[in-house]
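Participant: Sequence and predicted structure below; questions after.
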Amino acid sequence: MQPVLYCLYGFAIFFLVYWASLWVLHLIALVYGKWKLHRKVDLPDLESLDLPGVSIIKPLYQSQEILTENLETYFKLKYPKYELLFCIQELEDQETYAIVKQLMDLYPAVDAKVFKGGEEVGVNPKINNMTPAYREAKYPLILVSDAAIKMKEDTLLDMAMCMKDSVGLVHQMPFSCNRAGLPSILEKVYFGTSHARIYLSANLIGINCATGMSALMRKELLDKVGGFPAFGCYLAEDFFFAKCIQDQGYYTVISTQPAQQNPGNSSITYFQNRISRWTKLRLAMCPYTTILEPISECMVAGGLAAWSVYLLFRCDPVVFYLVHVLCWFLSDWLMIHIVQNGALPFNKFEFLVMWLFREVCAPYIMAHAVCNPAIRWRNLEYRLKWGGVAVAANIKPIPPPPLLGDTEERLISGGRDKSSNNNTSSVLVKKNSLLDNKFLSLNSKLSGKLFKSDKKLKHRGGDSANATTAKVAAAVTADDELSTLSGGITSRDMSGKSVAGSCGLANATTLGVITAGNGYYGGGVGNSNGGEKSSLLLD
């Protein structure tokens, strides 16, 4: 019995000491955040400053409602030398391209370029998307900034001023813009309290805590290890960016301005999935967090500390726990005001509700991450090895391609602005024109055969209907020939359906044959179209 009792006392002492260390982190974050964040520095005229140029790489994935609002802030930056390199992952994403092109036309004085399709260098889709822009970057500093980040006019200047000779990476602490809705309040509460406390404390101590949503780096340091392609095997490329720079003897520091996330529409489920994905990444890269992270949350740490003081000092655990939660809440209330640096867009009651919701859900999110280690990101599912190396485990089915007219238009205007792609688009258009002529000819012949068969069926019955059915089946074989000649043009399926619909067959057996033939015909077109698209991209 004595060994068990000693073991319990040992755990109680450990939990109580650890609980006290968490309060030290609270004090560190409050003091350091008040000193570091939102500092106003009087700067001389920009023309007199010898600042290095910055290549801003903006990875864009699909369009968002407020993408224009976010991207326009980068055209208004007050910085002497910078370029904007927009990376659009999907070749056929015309909506995002139109937004970027509109802004480029609106601000012609800003040096901006667009890169489409990316370059496959690993499993990380973000790295694949940014690699062409990284190769073309002409300035010594690289700023990786996500599409959901909104900039102030002096944000880039603030980050560049933090890039001292001994600093290799300047990153912004994640925060959230003022937006309406409970999901937005939840995001602001999380990034302004729990996440801010750990982020500020880790940065002060020197622990790698950089996030890649907004990070300014020295390009020469990345080039020494192979540039962006060297990080394509990781999902948490931001962590390994910072690790690579620290290994070369440089510091990583935070900017005085937090990163303003402005993602548009959001949901509580999306937020929880995002936090769960980050937790899975930490578990793979820093396995010790599996033990320490769960007991760092308010509810769990308070419960363990309450049990410890009861066992060691016979104090009332309920009173201790309630006082602990109250003090933690007040500390977080001060923390979010320091990060916000102004009035909050919600009242105290809304903050209390979402704060309690986040604290209660934190252990569940941690348990979910441990029990479901697979990571779903973009269109892929990944499995992480110890150390952070990712392996693509599953590919979701790709939706069917657009119709012929959309395909031509997107391939002509959506390719990279290079002569090779323009030639490919021209060849495709010519090929489509020839196939259209062949299709119309065969379509006319097929419609004539089916119409004659239908006319005979109206005057015949019984056995003669079966004979006519055989003839119609032969006509469907011609339909198969038409599928082969179509060469992957998606609109053939629609045309095939219109042929079957125009026949007006009254005989049920004959109609069944036509339906079966059209189904086979449509499937053939879908497969052909996939092959045609693949060959075009390879070219």
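Facilitator: Thanks, I have it. Numbers count the residues shown, from 1 in each chain.

Participant: ok, so what distance separates Tyr107 from Glu83?
Facilitator: Distance, Tyr107 to Glu83, using Cβ to Cβ, to the nearest Å: 12 Å. Placement of C-beta: from N, CA and C, glycine included.

Participant: In terms of neighbours, single out the busier of the two.
Facilitator: Using other Cβ atoms under 10 Å, the more surrounded residue of Tyr107 and Glu83 is Glu83, with 18 against 14.

Participant: Show me what the more buried one is bridged to.
Facilitator: Beta-bridge partners recorded for Glu83 (DSSP bridges): Ser55, Asp111.

Participant: From the contact counts, what lies against the helix or strand hosting Ala12?
Facilitator: Take DSSP states H and E as the rule and Ala12 turns out to sit in helix 2-36. Applying 3 or more Cβ pairs under 8 Å, 6 or more residues apart in numbering; DSSP states H and E, we find helix 2-36 packed against helix 194-205, helix 298-313, helix 317-340.

Participant: which stretches of the stretch 151-300 of the chain form strands?
Facilitator: In the stretch 151-300 of the chain, the strands defined using DSSP state E, counting those that start in this stretch lie at 167-171, 174-176, 214-218, 251-254, 259-261.

Participant: Sheet partners, orientation included, of the third one?
Facilitator: Same thing as strand 214-218. Paired neighbours of strand 214-218 in the sheet (DSSP bridges): strand 141-145 (antiparallel), strand 167-171 (antiparallel).

Participant: Relative to Pro3, which of those strands is closest?
Facilitator: Among these, strand 167-171 comes nearest to Pro3, with 48.1 Å by Cβ to Cβ.

Participant: Could you dump the helices and strands packed on helix 2-36 into JSON lines with mean neighbour count and distance to Ala180 added?
Facilitator: Below are these laid out as JSON lines (neighbours: other Cβ atoms under 10 Å; distance: least, Cβ to Cβ, whole Å):
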{"stretch": "helix 194-205", "mean neighbour count": "20", "distance to Ala180": "21"}
{"stretch": "helix 298-313", "mean neighbour count": "19", "distance to Ala180": "26"}
{"stretch": "helix 317-340", "mean neighbour count": "17", "distance to Ala180": "16"}
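
Participant: Please convert those to TSV, extending it with distance to Gln172 and mean pLDDT.
Facilitator: Shown next, in TSV, are those (distance: least, Cβ to Cβ, whole Å; pLDDT from 0 to 100):
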stretch	distance to Gln172	mean pLDDT
helix 194-205	10	95
helix 298-313	26	96
helix 317-340	12	97
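
Participant: what's the closest of those to Gly388?
Facilitator: helix 194-205 (17.4 Å).

Participant: From the chain's centroid, how far away is that closest one?
Facilitator: 24 Å (Cα atoms, centre = their mean, to the nearest Å).

Participant: do stretch 162-175 as well
Facilitator: For stretch 162-175, the distance to the chain centre is 23 Å (Cα atoms, centre = their mean).

Participant: For that stretch, list the C-alpha coordinates in CSV.
Facilitator: Extracted C-alpha coordinates of stretch 162-175, given in CSV (Å, rounded to 0.1, in the frame of the first residue of the first chain):
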residue,chain,number,x,y,z
CYS,A,162,12.2,43.3,-37.7
MET,A,163,14.6,41.5,-40.1
LYS,A,164,17.8,42.3,-38.4
ASP,A,165,21.2,40.8,-39.4
SER,A,166,20.8,37.9,-37.0
VAL,A,167,17.2,37.2,-37.9
GLY,A,168,16.3,34.8,-40.7
LEU,A,169,12.5,34.6,-40.4
VAL,A,170,9.8,37.1,-39.3
HIS,A,171,6.4,35.7,-38.8
GLN,A,172,3.1,37.1,-37.7
MET,A,173,1.1,35.7,-34.8
PRO,A,174,-2.2,34.4,-36.1
PHE,A,175,-5.3,36.4,-35.2
